[in-house]
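Enquirer: A structural model of the following input is requested.
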Amino acid sequence: MLVSAAVCPCPPLLVPEVAAGAAPELDAVRDACADALGVLAASRPDRLVVVGPADEGASGPHPEGATGSFHGFGVDVAVRLGAAGATTQSGRPLPVSLAVAAWLLDRVRWAGVPVEGVGIEERLAAERCAEAGRELAAGQDRIALLVMGDGSACRTLKAPGYLDPRAAAFDAEAARALGTADVPALKALDASLAYELKAAGRAPWQVLAGAADGADLAGQLLYEDAPYGVGYFVAAWS
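Expert: Okay, the predicted model is just below:
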């Protein structure tokens with residue numbers, strides 16, 4: 001059963017070495033993420049599952065101990081999912097979203113419960129996302145979710161997806177739903193529109209919605225902004 005969830009954005013820029021001189025600009029996001037992870041720890045889960053967008057080759061399960069890096073962004077930073085001593089024979093590197101999650105968990109020195117990752121294809125249908133969430137939350141184990149994903153990338157002229165007039169309304173509804181733990185509203189997010197707006201968080205958020213069915217959790221929005229024209233939201237459910 002789901003006992004808590006944290007929602008965080010997953011830009012590689014959260015890693016200061018990647019952001020370089022611009023690193024201080026995202027300090028508020030990093031701090032909000034740390035606060036959300038504190039809510040997860042306080043819920044005393046039996047297991048933490050990290051969910052994030054991934055391409056087809058990186059979708060599916062990633063066991064504790066799986067590794068990733070930010071070498072593709074020009075920095076020599078490597079990460080490991082879960083406890084420092086955990087190892088795995090998995091030959092697949094973590095997708096970027098889960099690598100950012102691993103960095104966030106290491107930053108707060110997360111320890112004490114097993115951690116596993118799941119990569120979700122960005123275009124996975126809403127019902128399949130919800131079904132995946134229900135499967136994650138099934139059983140008697142107390143499960144916490146760390147849900148990684150960004151909003152639209154079309155909020156300004158200089159945004160990665162250029163300016164789209166639909167982006168602000170999409171982000172506003174996503175932020176409201178995440179901040180109030182509105183499960184039906186998350187399930188109702190338009191997958192096609194999200195893809196057009198480059199909102200990679202849509203599928204992971206709908207996994208959360210499926211996992212939260214019947215859990216009766218309350219939500220709190222800890223951060224909402226669109227630096228660099230991309231919607232970033234941090235929320236905590238408990």
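Enquirer: now do stretch 94-106: distance to the chain's middle.
Expert: Centroid separation between stretch 94-106 and its chain, computed with CA atoms, centre = their mean, to the nearest Å, is 9 Å.
Enquirer: got a list of what the closest residue to residue 107 other than its chain neighbours touches?
Expert: Of all residues not flanking residue 107 in the chain, residue 34 sits nearest, at 6.8 Å (CB to CB, 6 or more residues apart in numbering). Just so you know, the C-beta spots here come from the backbone N, C-alpha and C atoms, and that holds for glycine as well. Shown in contact with residue 34 (CB atoms under 8 Å, 6 or more residues apart in numbering): 104, 107, 108.
Enquirer: give me the buried subset of those residues.
Expert: Using 16 or more other CB atoms under 10 Å as the burial test, the contacts of residue 34 include residue 104 as buried.
Enquirer: mind checking which of the contacts of residue 34 are in helices?
Expert: 104, 107 (DSSP state H).
Enquirer: could you dump the contacts of residue 34 to JSON lines with pLDDT?
Expert: Shown next, in JSON lines, are those (pLDDT from 0 to 100):
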{"residue": "104", "pLDDT": "98"}
{"residue": "107", "pLDDT": "94"}
{"residue": "108", "pLDDT": "94"}
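Enquirer: any idea which of the contacts of residue 34 is closest to residue 206?
Expert: Set against residue 206, the nearest of the contacts of residue 34 by CB to CB is residue 104 (21.3 Å).
Enquirer: so that closest one sits right up against residue 33, yeah?
Expert: Yes: assessed by CB atoms under 8 Å, residue 104 is found in contact with residue 33 at 5.4 Å.
Enquirer: what touches both of these two?
Expert: 8, 14.
Enquirer: could you look up the SS state of the spatially most distant residue from the centre of the chain?
Expert: Distance to the chain centre peaks in the chain at residue 157, reaching 25.2 Å (criterion: CA atoms, centre = their mean). Secondary structure for residue 157, judged by DSSP: H, G, I helix; E, B strand; the rest coil, is coil.
Enquirer: so what's it closest to, chain neighbours aside?
Expert: In space, residue 157 is closest to residue 163, 4.9 Å off (CB to CB, 6+ apart).
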